[in-house]
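Chemist: here is my input; please provide its structure:
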Amino acid sequence: MLLSIVGGGCAVGPDFRSPAPPQLTQLVPNGIGRVRLSGPEQQTYVQGLGIPRQWWALFQCPQLNAVVERAIAENADIAAARAAVRIASANASAAGGNLLPQVSANFDGSRQQPTAAQSATNGGTTSPYSLRTGQLSVSYMPDVFGLTRRHIESLDAQTEQQHFELQAAYLTLTARVALTAIEEAALRAEIRAAEKSMAVGRELLDALQQQFKARDVSRLDVTTQQAALAQIDQTLPALQKRLATTRDLMIALTGHLAGEGLVETFEFECLHLPAELPVSLPSEIVRQRPDVRAAEANMHSATAEIGVAIANRLPQFNLNANVGASASTVASIAKIASFSSPLVFWTLAGSATQLLFDGFSAEQKQRAAEAGLDRAAALYRSAVISAFQNVADVLQSIETDHRAVTAAARGERAARANLDLTREMVKLGQATAQQALSAQQLFAQGTVNVVRTKAATRSDAVMLFQALGGGWSRRETPPQAAATKWRVRTRRAAAGANVD
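Modeler: Sure thing, here's the model as predicted:
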């Protein structure tokens, strides 16, 4: 009966209510429409499309799937975030124990020399004797004003916050792995483009050297082409260095040391562009983003702390009960069956304490808690604003990068045609070194532009999945609140059921 009474009751302070989602009709000022890419790669926005738990699988790249799953299993930051959730959950559960009576038992044993008065009552014996005392103590603080319950509520909210931060860590890690894979594919494509430019440059240099021998061009034409070839050659070490460091980053993200190497390699041929892009409603974004949910949980904790501060200013009650027995042998204690025995002692006590004056410390702590809620609310609003800015930035990047893809493809085709024509004219002696140099530069830049726009569209897809929450809610559910677990147990105990 007592457990069922304690499980109910009211708690002082404000009750937390989730903030209302933003009332918006569009995510970007000019709205969004259908997106189409020329060629085999086409994309379309789909309103309300669910983001799968393993969103990276939409790129249809087995190597990426393998690396992401390995990173989730072995990344140290993820392991630390999981441990933080366990720590917060255990602390909340530990605080839940304060809602129950605290029971302790002690046993004392001593060897004593009887006093003269004791000797007289014991037949004059002065022999030392052993005294053993057993005692059972029960202490209970009724949570009349909800001090303990509000404290547990705050700890539960902190546990929830750690859970959402774990999901944010999942999302950040998987996005970084995908972006690193795209960066590696882009660098490999740029290296191949540079090597192709080198081959074209050598071909043109050979043609100019033959014409120089025939006195059809000057030495200046030859040296100009040699300088152009050297400039292209200088780009290769920088690209190879970036590729090496990108590979090192990928290894680190998977939780391994750089010296262990990485089996998987990434090319654009493996990283297919997702055909459908999800677009969420504004009200869904605040429920899907783990950083926003973590800020909301922080706000919940701050709300509960106001209740804690108010309850600390109200009377505190305490109930204590002690029962025990003293005897010269353990067997004597065990045989005591009646509380009327002179060897048995017991105590029942109750107390109420009200703080009368503390230099206004409790009042200022309440004001600090109220200011803490204002701060948490402002941080929540900041998180929401940043989330919607993030989504808008990505959506607008998708629009512009898709237009850039078309322009880059058109520019690369024109540069290639110009280079092919210039190569033929150089062989016929009808083009100057400057024309050859210009054709090479246009072709090299056009090829790089295609690579970078291809990388940009894939990176945009990754960042859109990340901005919309990355399907984190399909991975794990928040841990059960300590207060909820305690209420279930007390209800079972009140009903006479087994308590696990």
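Chemist: and the helices in the stretch 301-450 of the chain?
Modeler: Per DSSP state H, counting those that start in this stretch, the stretch 301-450 of the chain has helices spanning 330-335, 361-427, 433-467. These are given in chain order.
Chemist: out of the ones you listed, deepest packed?
Modeler: For those, the largest average neighbour count (mean count of other CB atoms under 10 Å) is found in helix 433-467, namely a mean of 21. Where C-beta positions appear, they are placed from N, C-alpha and C, glycine not excepted.
Chemist: helices and strands around that one, which ones?
Modeler: Applying 3 or more CB pairs under 8 Å, 6 or more residues apart in numbering; DSSP states H and E, one finds that helix 433-467 makes contact with helix 147-213, helix 219-253, strand 276-279, helix 361-427.
Chemist: picking that back up, how about the helices of the stretch 301-450 of the chain in CSV, adding mean pLDDT?
Modeler: Below are the helices of the stretch 301-450 of the chain laid out as CSV (pLDDT from 0 to 100):
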stretch, mean pLDDT
helix 330-335, 51
helix 361-427, 92
helix 433-467, 90
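Chemist: so which of these is nearest L49?
Modeler: Distance to L49, taken as CB to CB, is lowest for helix 433-467 among the helices of the stretch 301-450 of the chain, at 10.8 Å.
Chemist: distance from the chain centre to that closest one, please.
Modeler: 33 Å (CA atoms, centre = their mean, to the nearest Å).
Chemist: now do stretch 215-222
Modeler: For stretch 215-222 - counting by CA atoms, centre = their mean - the centre lies 63 Å from the chain centre.
Chemist: likewise for stretch 94-112?
Modeler: 40 Å.
Chemist: residue ranges with poor pLDDT in the stretch 101-250 of the chain?
Modeler: Within the stretch 101-250 of the chain, the ranges that satisfy pLDDT under 70 run 113-127, 129.
Chemist: how many residues are close by Y170?
Modeler: If you count neighbours by other CB atoms under 10 Å, Y170 ends up with 23.
Chemist: tell me who's in contact with it.
Modeler: The contact partners of Y170, taken as CB atoms under 8 Å, 6 or more residues apart in numbering, are 72, 78, 470, 472, 475.
Chemist: secondary structure class for the first one?
Modeler: What that stands for is I72. helix (DSSP: H, G, I helix; E, B strand; the rest coil).
Chemist: chain neighbours aside, what residue packs nearest to it?
Modeler: The spatially closest residue to I72, leaving aside those adjacent along the chain, is I78, at 6.3 Å (CB to CB, 6 or more residues apart in numbering).
Chemist: helix or strand for the one you found, which one?
Modeler: Following DSSP states H and E, the helix or strand that holds I78 is helix 76-96.
Chemist: packing partners of that helix?
Modeler: Here helix 76-96 is seen to pack against helix 147-213, helix 482-494 when contacts are counted using 3+ CB pairs under 8 Å, 6+ apart.
Chemist: between these, which gets nearest to P315?
Modeler: Comparing the helices and strands packed on helix 76-96 under CB to CB, the one sitting nearest is helix 147-213, at 10.5 Å.
Chemist: got the helices of the stretch 301-450 of the chain as JSON lines, with distance to Q234 columns?
Modeler: Formatted as JSON lines, those follow (distance: least, CB to CB, whole Å):
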{"stretch": "helix 330-335", "distance to Q234": "91"}
{"stretch": "helix 361-427", "distance to Q234": "20"}
{"stretch": "helix 433-467", "distance to Q234": "13"}
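Chemist: output the one helix or strand H300 maps to as CSV, restricted to C-alpha atoms.
Modeler: Using DSSP H and E, the element containing H300 is helix 290-311. What follows is the C-alpha trace of helix 290-311 in CSV, where atoms were taken according to Å, rounded to 0.1, in the frame of the first residue of the first chain:
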residue,chain,number,x,y,z
PRO,A,290,19.3,14.2,-33.0
ASP,A,291,20.9,17.6,-32.1
VAL,A,292,17.5,19.3,-31.8
ARG,A,293,16.2,16.4,-29.7
ALA,A,294,19.3,16.6,-27.5
ALA,A,295,18.6,20.3,-27.0
GLU,A,296,15.0,19.5,-26.1
ALA,A,297,16.2,16.9,-23.6
ASN,A,298,18.5,19.5,-22.1
MET,A,299,15.5,21.9,-21.8
HIS,A,300,13.6,19.1,-20.1
SER,A,301,16.3,18.6,-17.5
ALA,A,302,16.5,22.3,-16.8
THR,A,303,12.7,22.4,-16.3
ALA,A,304,13.0,19.6,-13.7
GLU,A,305,15.8,21.4,-11.9
ILE,A,306,13.4,24.3,-11.1
GLY,A,307,11.2,21.7,-9.3
VAL,A,308,14.2,20.5,-7.4
ALA,A,309,15.1,24.1,-6.3
ILE,A,310,11.5,24.8,-5.2
ALA,A,311,11.3,21.5,-3.3
